[in-house]
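Participant: return a 3D structure for these sequence lines:
(one chain, ligands or ions: 2)
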Amino acid sequence: MSNKAPVENPYQTLLLISEEINSTHDISQLLDRIMELAMEAVNAERGFILLQKTGSTDYETVTAHNFSRERIQSIRDHSSSIVQKVLQSQEPLISVDAQQDARFGGAESIVLQQIHSVICTPLIFRNSMLGAIYMDRRMTKHEFSDENLQFLRAFSNQAAIALQNAQRFTKLEKENKKLRDTLSQKVLFPEIIGDSLPMQRIFGMVTSVAPSTATVLIEGESGTGKELIARAIHTNSSRKEKPFIPIFCGSLSENLLESELFGHKKGAFTGANENKPGLFEEADGGTVFLDEIGEINQGMQTKLLRVIQEGEIKRVGETSIRNVDVRILSATNRNLEDEVKRGNFREDLFYRLNVITLKMPPLRQRSGDILLLAQHFLKHYALKNKKNFHGFSTEARAYLQDYSWPGNVRELENTVERAVILSNDQVIEPDAFQLRSMEQKLPLGKSLKEINHYAIMQTLEMAGGNRTKAAQILDVSRRWLQYQLKELGMTDADQES
Ligand SMILES: Nc1ncnc2c1ncn2[C@@H]1O[C@H](COP(=O)(O)OP(=O)(O)OP(=O)(O)O)[C@@H](O)[C@H]1O
Ligand SMILES: [Mg+2]
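Facilitator: Numbering: from 1, shown residues only. Ligands and ions are numbered 1, 2, ... in the order given. From the prediction side, this is the model:
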């Protein structure tokens, strides 16, 4: 690898390796150079270096000159081999007639490979074994000398320092890169929590797709952060100063959706009292986020296809065409490909929407994020409710960690929000979470009024009779709650704390 001139004398070699200590941080380059210098200095025929694997007591061959992997293995494997002895005793070894050397008891590898002379020295840094350098010769005319061994002792000390430095440098570089990545993640996605690998992959993909104009289909279960990611794509694109317009495709009839999206002409239908631009026009230059895209019917699918293909829209009741420049992001919690197979979704539209697919991982596949998210929401809702919390108790943490979160991040967020409202201690305990069982007990099959009253009474009970808390949980005003309770025949004096 190096084009440096051959080394004349061993002390020059020592000097050279010390110099290289400061110049080579690349481990494999350094190892190659160490091997080269050592072999030149003792005039060896073949050589290899073993290093301890990180986090293990095993050694691996990291560099080899004039050796095949199998041959190295056969030398290493034998329990009586010279390499084993050096690794165990941590002392250098030399053998000038290995075939006859009683210490190796006629080890098969030595006999088979016709090794005549061997020299092997440990690489030790501050009393810990990093590995070993092995070299041999098969020709009888050159034998390793004690002088060679002495030199190798000094050399391997230098080499060990160099290696240790390079390993530390590499480790620092890695840590540094990780820190830089985390930092840029925090800058690019300040509101999105996720240290887990699946979320890191999402961040990586968002970073690459955001600047383009490609359509992105975001798939994922309910509450996994699809909308959050859509917003992040927008804010990390050159359209960030222009509008981001989310459109929920699920709830509207085709006619209403069409007029929402494309606008209408005055008098186009009853109630169309004036000319109105649609959301696509409002989003011009920005991004439209089509949420629950799987819900739209065939008619709308065709109209959307035209916007994507031609950048053209037509207001309801108009014949002229308008041009818009929008980037389209969409989301679904269905498997849209299946819908295409079933004939419910146009294949051509599917491919247009789906230049890039992002699959949001459910919370159960990134349990490492649960506590991070819980802490994040705790901070947020404590601030909002002007409360002070130190955090979750050990039991509460275990509870959060073990629960299966079918509703994903949204469910976790709601759970923490309610716990904040319900808790008065500085530490959140698990009983603040024991609310879910009640959620399932809504008395379905009754009138809305009855369900309403039932929900109010249950919530009031959950809030320990505190009307302010109950109103917060129900997300209604206290006045409204008072009014409802009055209807139920409860006076202010009945329950209050
Ligand atoms: N990684 C995250 N970090 C912080 N908050 C998150 C994260 N993921 C989701 N949330 C929060 O969880 C809630 C649900 O997220 P969002 O609305 O983006 O999910 P969704 O996949 O669009 O859900 P749905 O399918 O029900 O529409 C939001 O309040 C959002 O801020
Ligand atoms: Mg959503």
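Participant: can you tell me how far E175 is from R201?
Facilitator: From E175 across to R201, the span is 20 Å (Cβ to Cβ, to the nearest Å). Where you see a C-beta, it was placed from the backbone N, CA and C, and this is true even at glycine.
Participant: name the residue in these two with the higher neighbour count.
Facilitator: Higher neighbour count among E175 and R201: R201, with 14 against 10, using other Cβ atoms under 10 Å.
Participant: show me what contacts that one?
Facilitator: Counting by Cβ atoms under 8 Å, 6 or more residues apart in numbering, R201 touches no other residue.
Participant: spell out which parts of the chain neighbour ligand 2.
Facilitator: Selection of the chain residues close to ligand 2 by Cβ under 5 Å from the ion yields 226-227.
Participant: 6 Å instead?
Facilitator: Proximity of the chain to ligand 2 (Cβ under 6 Å from the ion) is limited to residues 226-227, 291.
Participant: most centrally placed residue in the chain?
Facilitator: Geometric centre of the chain, nearest residue: Q200, 2.2 Å, by Cα atoms, centre = their mean.
Participant: test my guess that that one contacts G194.
Facilitator: Yes - assessed by Cβ atoms under 8 Å, Q200 is found in contact with G194 at 7.1 Å.
Participant: closest residue of the stretch 201-350 of the chain to ligand 2?
Facilitator: At 4.1 Å from ligand 2, E227 is the closest residue in the stretch 201-350 of the chain, using Cβ to the ion.
Participant: for the protein, give me the ranges with low pLDDT.
Facilitator: 1-10, 21-22, 77-80, 104-108, 110-112, 140-141, 434-443, 492-497 (pLDDT under 70).
Participant: what's the domain layout of it?
Facilitator: For the chain, automatic domain parsing gives the domain ranges 10-171, 199-361, 363-433, 435-497.
Participant: can you put these in TSV and add distance to Q185?
Facilitator: Formatted as TSV, the domains of the chain follow (distance: least, Cβ to Cβ, whole Å):
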stretch	distance to Q185
domain 10-171	21
domain 199-361	5
domain 363-433	13
domain 435-497	32
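Participant: out of those, nearest to D181?
Facilitator: Of all the domains of the chain, domain 199-361 sits nearest to D181, with 8.0 Å by Cβ to Cβ.
Participant: the closest one vs ligand 1: in contact?
Facilitator: Yes - using Cβ under 6 Å from any ligand atom, domain 199-361 reaches ligand 1 at 220, 222-228, 333.
Participant: sorry, back to before: among the residues of the chain next to ligand 2, name the ones in helices.
Facilitator: The helices, defined by DSSP state H, take in 226-227 from the residues of the chain next to ligand 2.
Participant: pick the one among the residues of the chain next to ligand 2 closest to S89.
Facilitator: Closest to S89, out of all of those and judged by Cβ to Cβ, is K226, at 61.7 Å.
Participant: how about that closest one: what's its closest non-neighbour residue?
Facilitator: Leaving aside its sequence neighbours, K226 sits nearest to A331 (Cβ to Cβ, 6 or more residues apart in numbering; 4.1 Å).
Participant: secondary structure class for that neighbour?
Facilitator: strand (DSSP: H, G, I helix; E, B strand; the rest coil).
Participant: count of residues packed around the nearest residue to E395 once chain neighbours are set aside?
Facilitator: Once flanking residues are discounted, E395 sits nearest to P430: 4.9 Å by Cβ to Cβ, 6+ apart. Using other Cβ under 10 Å, P430 has 16 neighbouring residues.
Participant: show me what contacts P430?
Facilitator: Shown in contact with P430 (Cβ under 8 Å, 6+ apart): 393, 395-396, 398-399.
Participant: swap in G317?
Facilitator: Counting by Cβ under 8 Å, 6+ apart, G317 touches 264-269, 272.
Participant: ok, it to N255 distance?
Facilitator: Relative to N255, G317 is positioned 11 Å away (Cβ to Cβ).
Participant: anything in contact with each of the two?
Facilitator: Taking Cβ under 8 Å, 6+ apart as the criterion, G317 and N255 both touch F269.
Participant: and the residues of domain 199-361 next to ligand 1, which two are furthest apart?
Facilitator: L228 and N333 (14.3 Å).
Participant: the residue of the chain found nearest ligand 1: neighbour count?
Facilitator: Closest residue of the chain to ligand 1, Cβ to the nearest ligand atom: G225 (2.8 Å). By the measure other Cβ under 10 Å, the count of residues near G225 is 24.
Participant: over to A166?
Facilitator: Residues near A166, counting by other Cβ under 10 Å, number 20.
Participant: is the helix or strand harbouring it positioned near ligand 1?
Facilitator: Assessed by DSSP states H and E, A166 sits inside helix 146-188. No - contact of helix 146-188 with ligand 1 (Cβ under 6 Å from any ligand atom) is absent, the minimum separation being 11.3 Å.
Participant: just the strands in the stretch 251-400 of the chain please.
Facilitator: 263-264, 276-277, 287-291, 312-313, 322-323, 327-332, 356-359, 391-392 (DSSP state E, counting those that start in this stretch).
Participant: contacts for the first one, please.
Facilitator: Translated: strand 263-264. Residues from elsewhere that reach strand 263-264 (Cβ under 8 Å, 6+ apart): 272, 275-278, 280-281, 313, 315-318.
Participant: quick one: that strand to chain centroid distance?
Facilitator: Put simply, strand 263-264 sits 43 Å off its chain's centre (Cα atoms, centre = their mean, to the nearest Å).
Participant: and the second one, by the same measure?
Facilitator: If you compare the mean C-alpha spot of strand 276-277 with that of the full chain, they lie 42 Å apart, counting by Cα atoms, centre = their mean.
Participant: repeat that for the fourth one.
Facilitator: Relative to the centre of its chain, strand 312-313 is centred 39 Å away, using Cα atoms, centre = their mean.
Participant: just stretch 393-411 next, same as before
Facilitator: Centre-to-centre, stretch 393-411 and its host chain are 20 Å apart (Cα atoms, centre = their mean).
Participant: buried residues, it. List them.
Facilitator: 396-397, 399-400, 403, 405, 407-409, 411 (16 or more other Cβ atoms under 10 Å).
Participant: so the residue of the stretch 201-350 of the chain closest to ligand 2 sits right up against D291, yeah?
Facilitator: Yes - shown here, E227 and D291 form a contact pair, counting by Cβ under 8 Å, at 6.6 Å.
Participant: between those two, which contacts overlap?
Facilitator: Residues touching both E227 and D291 (Cβ under 8 Å, 6+ apart): 246, 331.
Participant: looking at the two, which has the bigger crowd around it?
Facilitator: Between E227 and D291, counting by other Cβ under 10 Å, D291 is the more crowded of the two (19 against 16).
Participant: show me what that one is bridged to.
Facilitator: Per DSSP bridges, the residues bridged to D291 are F248.
Participant: residues contacting it?
Facilitator: Counting by Cβ under 8 Å, 6+ apart, D291 touches 226-227, 246-250, 330-331.
Participant: so the residue of the stretch 351-497 of the chain found nearest ligand 2 is in which element?
Facilitator: Of all residues in the stretch 351-497 of the chain, R410 sits closest to ligand 2, with a separation of 8.7 Å (Cβ to the ion). Here R410, judged by DSSP H and E, is contained in helix 408-422.
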